[in-house]
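Trainee: sequence plus the predicted model coming up.
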Amino acid sequence: MTTTTVTSDQAGTPNLYVEDSGGDGRPVVLIHGWPLSGESWKEQLSALTDAGYRVITYDRRGFGRSDKPESGFDYDTLAGDLAAIIEQLDLRDVTLVGFSMGGGEVARYVANHGEDRLHSIVFAAAVPPYLLQSDDNPDGPLTEDAANEMEQGVRDDRDAFFDDFSTQFFSAGDELKVTEAQRQEAIGLAKQAGEAALLGCMESFGTTDFRDDLSKVSVPTLVIHGDSDAIVPVEGSGQRTHDAVEGSQIVVIAEGPHGLNVSHPDEFNRTLLEFLA
């Protein structure tokens, strides 16, 4: 993997940390979830590169090794950052894989920037179509009280919040589906994030409506989700995204928690590679 910096022309013009496996293979861009970084994809890297794909990961603005501006955490701006990476690396025939919050960037990228450079897209445990429960969105899995509780947890005691959140992130029911070392590694990635990014992105993924964005998707689409996801339940997110995107495929992984790309890497990678092929 080679590292590079892409400077976005979006709000604050941040420098974005990018890793690129290079090569002539079809490009696959992996977009991480909240509150992690591109390092959270390491279980996927060798499987994809060994299969001949050019793999690009990056740290979202405010996270990991990217710049940490105080603004620009709405999805229009975040999708613009993604577009900057695709255009500056001159990527074409791309598959976008958006995990959790990253699925929102995928949907908004299609809506704002079109599909000319895309081959296909993947929503992995992703937040679309619309998390926040409301009169207009009764099937949204995130209540306003739960959203407020998450925000307060970050503000009051980040370390305690990350400890609890990471446990939910990787658990199916009461069973932790990763090693303690893997859970601690995720906490370490979360601690790299800036507070403005943590709070701004939390508001964005919790309150952004992607239903109109999904109506614009026409490239081949995979939805992959765990049936035990306690953070973004499949019934309110993955299944509804599958229903909204005509011709999409859905694969539900048994006993898969939210962080299923780490807890169930063999099943996740096999599903992804079969779709890419």
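Mentor: Structure received.
Trainee: show me which positions of stretch 1-12 end up buried.
Mentor: Val6, Ser8, Gln10, Ala11 (16 or more other Cβ atoms under 10 Å). C-beta coordinates here come from the backbone N, C-alpha and C atoms, glycine included.
Trainee: possible to save those as TSV with pLDDT?
Mentor: Formatted as TSV, those follow (pLDDT from 0 to 100):
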residue	pLDDT
Val6	92
Ser8	91
Gln10	87
Ala11	88
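Trainee: and which of those residues is nearest to Asp50?
Mentor: Closest approach between the buried residues of stretch 1-12 and Asp50, by Cβ to Cβ: Val6, at 25.6 Å.
Trainee: who touches Val232 in this structure?
Mentor: The contact partners of Val232, by Cβ atoms under 8 Å, 6 or more residues apart in numbering, come to Ser100, Ala125, Ala126, Val127, Leu131, Pro141, His225, Gly238, His258.
Trainee: just checking, what packs against the least confident helix or strand in the chain by mean pLDDT?
Mentor: Scoring the helices and strands of the chain by mean pLDDT, DSSP states H and E places helix 144-156 at the bottom, with a mean of 90. Applying 3 or more Cβ pairs under 8 Å, 6 or more residues apart in numbering; DSSP states H and E, one finds that helix 144-156 contacts helix 158-169, helix 195-207.
Trainee: now it: buried residues?
Mentor: Ala147, Met150, Glu151, Gly153, Val154.
Trainee: now do stretch 239-248
Mentor: Within stretch 239-248, judged by 16+ other Cβ under 10 Å, the buried ones are Gln239, Arg240, Thr241, His242, Ala244, Val245, Ser248.
Trainee: ditto for stretch 257-277
Mentor: 257-264, 267-269, 271-272, 275-276.
Trainee: same question, stretch 156-174
Mentor: Those would be Arg158, Phe161, Phe162, Phe165, Ser166, Thr167, Phe169, Phe170, Ser171, Ala172, for stretch 156-174 by 16+ other Cβ under 10 Å.
Trainee: re the thing from before, of the helices and strands packed on helix 144-156, which is nearest Val18?
Mentor: helix 195-207 (17.1 Å).
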